[in-house]
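Undergrad: here is the input, now give the coordinates:
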Amino acid sequence: MYQNKIIAALALAGLAGMANAQETVVKIGHSGPLSGAQSFAGKDNENGARLAIDELNAKPITVGGKKVKFELVSEDDQGDPKAGVNVAQKLMDSGVKFVVGPYNSGVAIPASRVYNDAGALVATVGSNPKITQQGYKSLYRINASDSQLGSKMALYAAKELKLKTVAVIDDRTAYGQGVAEEFKKQAKASGLNVVGHEFTNDKASDFTAILTSLKAKKVEAIFLGGYAPQGGPMARQMKQLGINAKLLGGDTICAAEMGKLGGDAVGENVLCAQGGAILDKAASGPEFKSKYKKQFNQDPSVYAASFYDGVMLFADAMKKADSVDPAKVNAAVRQGLFKGVAGNYSFDDKGNMKESPVTVFTFKNQQPVPLTSY
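TA: Numbers count the residues shown, from 1 in each chain. Okay, the predicted model is just below:
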């Protein structure tokens, strides 16, 4: 009897072993600000990645004759460069070879060296051009760059809004400086008069002194190179000071958080440029929004669809390569075309998207609404 139990137990162990042998576990790393002022963005991005992983595990893909089980390993980089490097090292030490993130350019630039040295594939929405100028062959930008975001916002200001006098405020982060400089460059090329370039930081909340000096210059618009936690209070203070200028920005203020923090000071006076086509008009956009809302009980924010696409891009490349080896998957990403929710992903030799439309948004009822894509 006892002997029979041992035989049965061994048989079950053998079956479990066979089942495991038929399954490959692939860890997908996520690096983003899950705490602090930008946590709304980090959690939204994490949700996008989680949705993709849940879908892949519900209908498993087969690679090299084995079903692939995906696991999300999500880490809080606090939107801080030093913490981001530590997160990168932690993910690499835990055997992660595929990463979506970081969200912040200032984190992505130093962390990408750690990922590159470990041979990991990275899909980031960090928009500073320097990210893909480092020469890393397994690093991809799955979004428009600052040069596209900043310049398209400047073109819109000149051609559509017919503005003449603008000013720039940047928060001295890698993202803020990059997008502000690109806006300024294109604004000047489009005949706009840039009458001031002021500086703040990504922890500030009082912009009264800067705004008062810009009010005296009679600016028609202020471009903020920075994030929603600064943009919301800035819009409030512009209203309090009686500044009727428009507040312009890049992708990081195209978020519901902007309306939440700015209240009734955030409306059609605020415009922002975000990478990607209008989600509602994208082929699978409405379906993605519906799935996201069903699972997380909220609407997706700026980059949930991009992080979802990043995970799906890796999975698609694994199928094409019939391998989970990062070098082979990387070759498939570099050579292929993947049609995602937020865009079509094919890359140049630096890892930038060959085509990345930009959508200009404004706000209604404190929510970002798309105006036009170009």
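Undergrad: thought Ala228 was touching Leu261, still the case?
TA: Yes - under the criterion of CB atoms under 8 Å, Leu261 lies in contact with Ala228, with a separation of 6.5 Å. C-beta coordinates here come from the backbone N, C-alpha and C atoms, glycine included.
Undergrad: quick one, which of those two is more surrounded?
TA: Taking neighbours as other CB atoms under 10 Å, Leu261 and Ala228 compare with Ala228 leading, 29 against 23.
Undergrad: contacts only, for that one.
TA: Shown in contact with Ala228 (CB atoms under 8 Å, 6 or more residues apart in numbering): Gln38, Phe40, Ala41, Thr252, Ile253, Ala255, Glu257, Met258, Leu261.
Undergrad: just for the stretch 251-374 of the chain, where's the confidence low?
TA: Across the stretch 251-374 of the chain, the ranges flagged by pLDDT under 70 are 374.
Undergrad: all strands for it, in order.
TA: For the stretch 251-374 of the chain, applying DSSP state E, counting those that start in this stretch gives strands covering 270-275, 338-339, 344-345, 358-364, 367-373.
Undergrad: do the same with the stretch 51-200 of the chain
TA: Under the criterion DSSP E, counting those that start in this stretch, strands of the stretch 51-200 of the chain are mapped to 62-63, 66-76, 98-100, 121-124, 139-141, 165-170, 193-199.
Undergrad: with just CA atoms, put the fourth one into CSV.
TA: Once non-C-alpha atoms are left out, strand 121-124 reads as follows in CSV (Å, rounded to 0.1, in the frame of the first residue of the first chain):
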residue,chain,number,x,y,z
LEU,A,121,15.7,44.3,-25.0
VAL,A,122,14.1,47.6,-24.0
ALA,A,123,11.0,49.4,-25.3
THR,A,124,10.8,52.9,-23.8
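Undergrad: what strands line up against that strand, and which way round?
TA: According to DSSP bridges, strand 121-124 forms sheet pairs with strand 98-100 (parallel), strand 139-141 (parallel).
Undergrad: tell me which of those strands sits most buried.
TA: Per-stretch averages of neighbours, counted by mean count of other CB atoms under 10 Å, single out strand 98-100 among the strands paired with strand 121-124, with a mean of 30.
Undergrad: tell me the mean pLDDT for it?
TA: If you average the pLDDT over strand 98-100, you get 98.
Undergrad: Leu261 versus the residue nearest the centre of the chain, what's the distance?
TA: Nearest to the mean C-alpha position of the chain, counting by CA atoms, centre = their mean, stands Val125 at 3.7 Å. Val125 sits 21 Å away from Leu261, taking CB to CB, to the nearest Å as the criterion.
Undergrad: also Ser105?
TA: The span separating Ser105 from Leu261 equals 22 Å under the rule CB to CB.
Undergrad: verify the stated contact: Ala331 with Ala321.
TA: Yes - using CB under 8 Å, Ala331 is in contact with Ala321, at 6.7 Å.
Undergrad: pretty sure Ile222 is in a strand, no?
TA: Yes - Ile222: assigned to a strand according to DSSP: H, G, I helix; E, B strand; the rest coil.
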